[in-house]
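Engineer: just need the structure, nothing else, for what follows:
(one chain, ligands or ions: 2)
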Amino acid sequence: MSMIAAFYGGKSILITGATGFLGKVLIEKLCRTSPDLKVIYILVRPKAGHTLQQRVSQIINSKLFEKVREVCPNVHEKIRAISADLNQNDFAISKEDMQELLSCTNIIFHCAATVRFDDHLRHAVQLNVTATQQLLFMASQMPKLEAFIHISTAFSNCNLKHIDEVIYPCSVEPKKIIDSMEWWDDAIVDEIAPKLMGDWPNTYTYTKALGEMVVQQESGNLNIAIIRPSIVGATWQEPFPGWVDNLNGPNGMIVAAGRGFLRAIRASPLAVADLIPVDTVINLTLAVGWYTAVHRPKSTLIYHCTSGNLNPCNWGKMGCQVLSTFEKIPFEKAFRRPHADFTANTITVHYRNAVSHRAPAMIYDIYLWLTGRKPRMTKLMNRLLRTISMLEYFINRSWEWSTYNTEMLMSELSPEDQRIFNFDVRQLNWLEYIENYVLGVKKYLLKEDMAGIPEAKQHLRRLQNIYYLFNTVFFLIAWRLLIARSQIARNVWFFIMW
Ligand SMILES: CCCCCCCCCCCCCCCCCCCCCCCCCCCCCC(=O)SCCNC(=O)CCNC(=O)[C@H](O)C(C)(C)COP(=O)(O)OP(=O)(O)OC[C@H]1O[C@@H](n2cnc3c(N)ncnc32)[C@H](O)[C@@H]1OP(=O)(O)O
Ligand SMILES: NC(=O)C1=CN([C@@H]2O[C@H](COP(=O)(O)OP(=O)(O)OC[C@H]3O[C@@H](n4cnc5c(N)ncnc54)[C@H](OP(=O)(O)O)[C@@H]3O)[C@@H](O)[C@H]2O)C=CC1
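Structural biologist: Ligands and ions are numbered 1, 2, ... in the order given. Alright, predicted model coming up:
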């Protein structure tokens with residue numbers, strides 16, 4: 001019998017960020033392995049055109065929940081959506097709902113965050129710091145609470161090279177920043193942001209670091225743990241390989257490379273690509289929830305959920321595997337044949353951006369305009385280049401994360417729990433994982449049918465022929481112009497003909 005699965009039986013669990021990438025996989029695994037849990041409260045904000053119930057139904061009826069619907073047919077009854085906006089006071093939760101949450105909750109998983117790198121500092125502080133503080137305050141009023149699990153990121157201290165499972169202080173106290181945000185106007189925030197952020201590359205990583213400090217400072221008597229995943233990728237094994245549903249991190253790059261937009265990227269091929277599958281993160285999260293509640297460690301433990309020190313793989317190897325998978329399973333509607341490589345210095349980057357990215361986009365837009373359609377490729381390309389510029393920081397450096405707590409926890413699990421809640425990344429075969437990842441992007445993110453592969457291959461052959469034709473015409477014109485202007489070129493031409 002799995003101790004972890006049994007532990008969640010009969011429990012009332014509160015999840016923030018349940019509609020997000022990690023949140024959905026967390027609910028799925030909880031419902032599948034502990035179908036006898038009492039209730040999962042999820043804090044969901046209403047979104048334009050969708051009621052809360054519609055948002056929940058969309059998740060439960062999705063492909064990801066296929067197995068859950070078999071194991072736990074009454075899954076609808078287990079999930080109780082509570083209308084909440086984490087940007088509002090008291091999360092704008094009704095009095096009755098708040099009362100129920102305070103009196104019933106046993107475990108909290110705090111996943112909600114803004115993960116945008118370019119978010120305004122005020123908004124990032126509000127969600128990643130102030131909301132965390134408010135949730136801790138709520139937790140302190142929950143008599144039945146057994147554990148509070150906070151999801152942070154391994155990059156919250158990306159300004160350091162070696163990172164231990166400890167909380168590193170930021171120079172300005174989060175409480176001061178929260179207070180100041182109330183009276184600073186946007187102009188002041190914009191001016192002061194770079195000074196506050198120091199050597200953090202974006203508001204996301206900086207505010208996640210502040211969020212950890214808040215957790216440390218406001219933990220009181222709570223039983224808390226922090227999980228720091230690195231770059232979270234598609235599922236490795238569960239509920240099935242390759243599931244992914246957003247364009248964040250590597251996903252957008254795989255789409256862009258597979259459709260032939262991305263031709264070159266400034267990345268260090270030898271830098272460690274610290275990717276971690278989302279199901280591994282969730283298995284660790286559930287194991288940490290159990291361990292924190294049952295063993296009640298004396299201090300707040302931090303768990304690194306990373307792959308680099310146990311099973312390292314670099315961007316070079318991953319990029320090659322992504323490209324070779326495109327040969328077998330190409331994406332539909334490609335703009336050009338997938339081919340991309342690494343660039344190293346600024347001059348090459350500018351050259352490749354002009355020649356391999358912007359010029360083809362402009363030529364295509366001219367073609368669209370000439371044929372009476374709306375040009376759109378240049379805009380798309382500019383967006384891609386902006387995204388790449390934000391990711392560059394993370395693909396040109398390597399970090400070392402120590403994983404003592406994570407390894408300690410692994411040794412605490414029974415053999416059955418090690419199997420059901422497997423977070424041992426040493427068992428992961430990267431080449432197989434990347435192939436399933438690309439396949440998953442095609443199937444679950446782009447919603448492409450496998451039956452369309454022959455047509456996609458045919459399309460790529462057509463693109464190849466257009467490429468050859470374009471190059472031949474270009475060469476002939478260039479040669480003709482050269483012959484007209486240069487005696488040496490004429491001599492060479494006559495020599496070849498002769
Ligand atoms: C398996 C991996 C291997 C990768 C290999 C890939 C390529 C292969 C071959 C090449 C060989 C060369 C080798 C290459 C090797 C390197 C590859 C690099 C890969 C990846 C690097 C990942 C690094 C991640 C670092 C993570 C650190 C921290 C991790 C975390 O803790 S949190 C998660 C990370 N967060 C994010 O990723 C969020 C980032 N996103 C943003 O900040 C914003 O979205 C934005 C990028 C700033 C864009 O903002 P905008 O306002 O402009 O757009 P908006 O978001 O409103 O969206 C508008 C529309 O655009 C669509 N869209 C958004 N993002 C993308 C995208 N990435 N690609 C395409 N389209 C995108 C969006 O859907 C909207 O569409 P609409 O609704 O139709 O308008
Ligand atoms: N994805 C990754 O690569 C990594 C993620 N992490 C961490 O994991 C956690 C989850 O990330 P991920 O699932 O990828 O993020 P997503 O962007 O997919 O999900 C964010 C979640 O937060 C919710 N949310 C945002 N704003 C509010 C609000 N004002 N009120 C209520 N809910 C809100 C979103 O709800 P809605 O659906 O309404 O927008 C969504 O459910 C985060 O803490 C992140 O820092 C850490 C390392 C890597």
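
Engineer: need the pLDDT of Ser486.
Structural biologist: At Ser486, the pLDDT value in this model is 85.

Engineer: Ala225 belongs to a helix?
Structural biologist: No - counting by DSSP: H, G, I helix; E, B strand; the rest coil, Ala225 is not found in a helix; it is strand.

Engineer: now it: closest residue in space, sequence neighbours ignored.
Structural biologist: Thr292 (4.5 Å; C-beta to C-beta, 6 or more residues apart in numbering). Just so you know, the C-beta spots here come from the backbone N, C-alpha and C atoms, and that holds for glycine as well.

Engineer: what of Ala81?
Structural biologist: Leu52 (4.3 Å).

Engineer: how many other residues sit next to that neighbour?
Structural biologist: 18 (other C-beta atoms under 10 Å).

Engineer: surely it meets Val44?
Structural biologist: Yes - here Leu52 reaches Val44: they are 5.2 Å apart, a contact under C-beta atoms under 8 Å.

Engineer: now do the shared contacts for these two.
Structural biologist: Common neighbours of Leu52 and Val44, counting by C-beta atoms under 8 Å, 6 or more residues apart in numbering, are 81, 83.

Engineer: stretch 365-376: which residues count as buried?
Structural biologist: Buried residues in stretch 365-376, counting neighbours by 16 or more other C-beta atoms under 10 Å, are found at Asp365.

Engineer: any residue of it touching ligand 1?
Structural biologist: No - for stretch 365-376, no contact with ligand 1 is found by C-beta under 6 Å from any ligand atom; the gap never falls below 11.0 Å.

Engineer: so what touches that stretch?
Structural biologist: 377-378.

Engineer: one step back: thought the residue nearest to Ala225 was touching Ile224?
Structural biologist: Yes - using C-beta under 8 Å, Thr292 makes contact with Ile224 at a distance of 7.3 Å.

Engineer: joint contacts of these two?
Structural biologist: Common neighbours of Thr292 and Ile224 are listed as 147, 149 (criterion: C-beta under 8 Å, 6+ apart).

Engineer: for this protein, what spans make up the strands?
Structural biologist: 12-16, 39-44, 79-83, 107-110, 147-151, 162-163, 224-229, 231-233, 264-266, 275-277, 301-305, 341-343, 400-401 (DSSP state E).

Engineer: and the angle for the third one with strand 12-16?
Structural biologist: Here strand 79-83 runs at an angle of 50 degrees relative to strand 12-16 (axes from the mean of the first three to the mean of the last three C-alpha atoms, to 10 degrees).

Engineer: roughly how far apart are Phe117 and Met390?
Structural biologist: 5 Å (C-beta to C-beta, to the nearest Å).

Engineer: what's the neighbour count on the residue of the chain found nearest ligand 1?
Structural biologist: Among all residues of the chain, Gly252 sits closest to ligand 1, at 2.2 Å; criterion: C-beta to the nearest ligand atom. Gly252 has 19 neighbours, counted by other C-beta under 10 Å.

Engineer: how far away is the closest residue to Ser12 other than its chain neighbours from ligand 2?
Structural biologist: Counting by C-beta to C-beta, 6+ apart, the nearest residue to Ser12 once its immediate chain neighbours are dropped is Cys104, at 4.4 Å. Separation of Cys104 from ligand 2 (C-beta to the nearest ligand atom, to the nearest Å): 20 Å.

Engineer: now do Tyr444
Structural biologist: 14 Å.

Engineer: show me the contacts for Thr8.
Structural biologist: Heads up, residue 8 is Tyr, not Thr. Listed by C-beta under 8 Å, 6+ apart, the contact set of Tyr8 reads 30, 33-34, 37, 107, 286, 289-290.

Engineer: let's see which of the residues you listed end up in helices.
Structural biologist: Among these, the residues falling in helices (DSSP state H) are 30, 33, 286, 289-290.
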